[in-house]
Every structure is written in C-alpha cells, then in structure tokens.
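**Q** just the structure for this:
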Amino acid sequence: MENVSPTYVNFASILDDQTRAQNLKTASMPFIYPHLASMPDAHLGKGAAVGSVIPTLGAIIPAAVGVDIGCGMIAVRTQFTLEDLARLDRKVLRQSIERAIPLSAGHSNKRVLDSAQPRVDRLARDAERAGFDPASYSKQWALQLGSLGSGNHFIEVSLDENDNVWLFLHSGSRGVGNRIAQRHIRVALDLCDKRRISLPDNDLAYLTEGDEEFEEYIRQLRWAQDFALLNREEMMDRVIGCFARWTDGEVRELERINCHHNYTAQETHYGKQVWLSRKGAIDASPGRPGLIPGSMGTASYVVEGLGFAPALNSAPHGAGREYSRSAARRTFSREELRKAMRGIEYRDTDAFIDEIPAAYKDIDVVMEDARDLVRIRHTLRQIVNVKGD
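**A** All right, here's what the predicted structure looks like:
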C-alpha cells in the first residue's frame, strides 16, 4: 500500500506514470472522501482510471462509473469433474455456446426467448417506475438481454484446483447501458460548463446530489446495473443448458456468484455515507464472495473479501491492460496467441490478438498485490473459451 497523497492510496505495484497522474487528478476533486483507492490492476481510462474506487460526498462523476454500467462476472460451480469430460469433444461445446448466445458488438437475439421474457418484463416494469423508456436509448434493448458483447467479455469452462468444473462469464449492460452512461456524461459536462466549474479533465464532470439530473442518473444507473446482472443470469442459464446437452446429464449448481465491477452504491466508509463508484473493482467486504478473472488463457480466481478499510472494502476486477488494443496488435502475433492458448479450446482467429495474455498485467502479481484485500478460495484454469470479435 502506497500513500501517494492525502486523498490517493495505491495498491498497484505495476502502475504507469499516466495512470498515476490520472488518479491524482481524480483524487483532487473537492468531494472525494476519504480517499481514492487505486487497485492492483489499475490502468488508464476515460476520466478516471480503470481499477479505481472513488468515494464521493454529494456528487457522482458519471465517467468514473464507466460506460459499461454494471459490467461484472458470474460463475457457477457444478458437480462435474474433469474425469466426467474426458471423452467429450470440447469443440462441440464451444460451438453450441456460440450458437446459443449472440457474440460481438452490435449483435443481439432475433427474438426474446421464453427464458428471457420474465427478466425483460421485470426490467420494463422497473423502467416505468424509474420514469424512463429504455427504448429511447436503444429500440432493441430487450433483444440485447442474453448477449455477450466483445472486447474482454468472455464465456469460459474452467477447472479448479480439485478438477471441479466451473462455468464462468463476463459481461455488462450492453448497448443500452452504454448509451445511458454516455448521455449522463454529456449532461454532467453541460451542467459544469453552465455553472462555470473548472475541471482538471472534462471527463471528471459531475452531477450534484439534490439536482434532478443527479436523481435521474441514479434511477437509470440502477436500472442498467440490474439489466447487467440479469443479462449475466440469462446467459449463464443458456450456458448451463448447452453444457447439460453436451454431457447428456443434468447440471446441479453447487454455488453461484454474480458480482458487478462497474457500478455505484451507497456505502459507509470512515464514518460517513458516501457514493462509492467502483470502476473496475469488486466489493470485497468481509466474507463477501467475488470473482477476479485473469486474461485470456491465464488463471482466474474465486475469492472472499477481507474488508480491508484503506482499500474501501474493494479488490481488483482482473489483470488490467498494459498494452492498448492497437499496441497489442502491433506487438504480438497470432502464433504467440496460439502458444498462450495451448490446451484450451477456443476460436483460432486474428480477432483475439489484442486479448493475448501478454497484453495484460501478470495476474499473479495482481493477486499478490491484493493479498490484504481478498482470500483466494479457488484458482481456476480454462479448458474452453468463447469470445466475440
């Protein structure tokens, strides 16, 4: 732990100068209390760095929540073991999942499936109570429920240290959540301009508690967070269905964990109730289960929070990028990706070069930096990987 300034505490042993400078700017905002906590996987982001935990009094910075509102992880531990899968073709499972779940940016379901309909109905009722129509952001929002997206979003079948099978996936609130976020980022900037508020970075524009714009953002933010959680639930149900058909056996869920890592919640820290924005961080309150994935081809972790106060009861959400996507494409090759993915069933394509493990921080270093923040319950290794282009 490094006390960089009175309002900035850093937990990352790997931290570039640009990200450190960005964190200092965010931590300089007058409503930060008690301090910004920079997670071990921190890297440069829009406005605020990814891997930041930002507690605020009376204000929220929409860009510091992120544009993929509610993005997070879900994992299910099954009764299956590696031995049960020995004679099965993993390519068949991968292709089945790819057919069951729309992948890649801009892709959605052709119709609302029966499994998704109750979730869509619930979200429609909640949006009405929140006073907005999600179709004003995306006419296809209902068809997006149960779709993965692209980038670092994934679906995986993994094994823990005892060769137990886990189903694991990463996604958020899709296009509708992105558009909600983008709108309120613009509203915040317009309000700061109107009020002649000087900002160290325009992406640190904020909304003030008590204003209607703030309340509208909170209502729509919470809806998008719920959409993201239900989106993961819907996809996991489909993955379980694919897995059951592949193994010709019923899947028993021994454990299910679903956690956000891009969101805002009201919490109490250092004696005051704050708006805590976790932008690439998970809740690591005492005893709370959480998920920390590595990069494509590396280990992931099932963890339990230790409630470390200086980290604001938070922990990293993954490995964290060291190379931008364009830099990774210039630096690494498809053959290097193949070597990194040896033994894992995945779709062999140039599209995933920017997701190569070498483009990310070493997950072992990240987890060592997080030793005071979480206890590792299980270490997972991938055997099947599904991603969108």
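
**Q** hey, where'd the strands end up in the stretch 1-150 of the chain?
**A** 2-5, 8-10, 36-43, 50-56, 59-60, 72-81 (DSSP state E, counting those that start in this stretch).

**Q** pick the most buried one from those.
**A** Highest mean neighbour count of the strands of the stretch 1-150 of the chain: strand 36-43, a mean of 30 (counted as mean count of other Cβ atoms under 10 Å). Yep, even glycine has a C-beta here, placed from its N, CA and C like the rest.

**Q** so what strands line up beside that one?
**A** strand 8-10 (parallel), strand 50-56 (antiparallel) (DSSP bridges).

**Q** mind putting those in a markdown table, mean pLDDT included?
**A** Putting those into a markdown table (pLDDT from 0 to 100) gives the following:
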| stretch | mean pLDDT |
| --- | --- |
| strand 8-10 | 98 |
| strand 50-56 | 97 |
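
**Q** dump these into CSV; add distance to G149 as well.
**A** Converted to CSV, the strands paired with strand 36-43 look like this (distance: least, Cβ to Cβ, whole Å):
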stretch, distance to G149
strand 8-10, 30
strand 50-56, 16
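
**Q** which of the ones you listed sits closest to L373?
**A** Set against L373 and scored by Cβ to Cβ, the strands paired with strand 36-43 come closest in strand 50-56, at 10.5 Å.

**Q** burial of Q117, as a residue count?
**A** By other Cβ atoms under 10 Å, the residues close to Q117 number 13.

**Q** and it, what's its pLDDT?
**A** Looking at Q117, its pLDDT is 97.

**Q** quick one: contacts for it?
**A** If you count contacts by Cβ atoms under 8 Å, 6 or more residues apart in numbering, Q117 has none.

**Q** any idea how far it lies from L221?
**A** Distance of Q117 to L221, computed by Cβ to Cβ, to the nearest Å: 24 Å.

**Q** to G318, which of the strands of the stretch 1-150 of the chain lies closest?
**A** For G318, the closest of the strands of the stretch 1-150 of the chain is strand 36-43, at 5.6 Å, according to Cβ to Cβ.

**Q** tell me how far that closest one lies from the chain's centre.
**A** 14 Å (Cα atoms, centre = their mean, to the nearest Å).

**Q** average pLDDT for that strand?
**A** Regarding strand 36-43, the rounded mean pLDDT is 97.

**Q** mind exporting it as PDB, just the C-alpha atoms?
**A** Only the C-alpha atoms of strand 36-43 are listed here, as PDB (Å, rounded to 0.1, in the frame of the first residue of the first chain):
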ATOM      1  CA  LEU A  36      -9.400   7.300  -3.900                       C
ATOM      2  CA  ALA A  37      -8.100   3.700  -3.800                       C
ATOM      3  CA  SER A  38      -6.200   2.500  -6.900                       C
ATOM      4  CA  MET A  39      -6.500  -1.300  -7.300                       C
ATOM      5  CA  PRO A  40      -3.600  -3.600  -8.300                       C
ATOM      6  CA  ASP A  41      -5.000  -3.900 -11.900                       C
ATOM      7  CA  ALA A  42      -5.300  -0.100 -12.500                       C
ATOM      8  CA  HIS A  43      -4.700   1.300 -15.900                       C
END
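
**Q** enumerate every residue touching N262.
**A** By Cβ under 8 Å, 6+ apart, the contact set of N262 is V65, G66, D68, I69, G70, C71, G72, G172, R278, K279, G280.

**Q** turn the strands of the stretch 1-150 of the chain into CSV, including distance to W246.
**A** Below are these laid out as CSV (distance: least, Cβ to Cβ, whole Å):
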stretch, distance to W246
strand 2-5, 47
strand 8-10, 44
strand 36-43, 33
strand 50-56, 35
strand 59-60, 44
strand 72-81, 10
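
**Q** out of these, which is closest to R186?
**A** Nearest of these (Cβ to Cβ): strand 59-60, 14.6 Å.

**Q** what pairs with the closest one, and is each one parallel or antiparallel?
**A** Counting by DSSP bridges, strand 59-60 is paired with strand 207-208 (antiparallel).

**Q** can you list contacts of the partner strand?
**A** G58, A59, I60, P62, H184, V187, A188, L191, E213, F214, Y217.

**Q** measure stretch 266-278 end to end?
**A** One end of stretch 266-278 sits 11 Å from the other (Cα to Cα, to the nearest Å).

**Q** now that stretch: buried residues?
**A** Applying a neighbour-count criterion of 16 or more other Cβ atoms under 10 Å, one finds E267, H269, V274, W275, L276, S277, R278 buried in stretch 266-278.

**Q** quick one: the helices in the stretch 251-389 of the chain?
**A** Taking DSSP state H, counting those that start in this stretch to define them, one finds helices in the stretch 251-389 of the chain at 325-331, 334-340, 363-369.

**Q** neighbour-wise, which of the contacts of strand 207-208 leads?
**A** P62 (29 neighbours).

**Q** what sits against that one?
**A** Applying Cβ under 8 Å, 6+ apart, the residues near P62 are A181, H184, I185, V187, A188, A205, Y206, L207, Y217.

**Q** surely the last one is in contact with R186?
**A** No - Y217 sits out of contact with R186 when judged by Cβ atoms under 8 Å, with a separation of 11.4 Å.

**Q** min pLDDT across the contacts of N262, which one?
**A** Per-residue pLDDT puts G66 lowest of these, at 90.

**Q** what about that one, distance to G287?
**A** In terms of Cβ to Cβ, G66 sits 26 Å off from G287.

**Q** the more surrounded of these two?
**A** Legend: neighbour count by other Cβ under 10 Å for G66 and G287, higher for G66 (28 against 10).

**Q** gap between that one and I180?
**A** 11 Å.

**Q** ditto for F31
**A** Relative to I180, F31 is positioned 22 Å away (Cβ to Cβ).

**Q** when these two are compared, which one has more neighbours?
**A** More neighbours surround I180 than the other of F31 and I180, with 26 against 17 (other Cβ under 10 Å).
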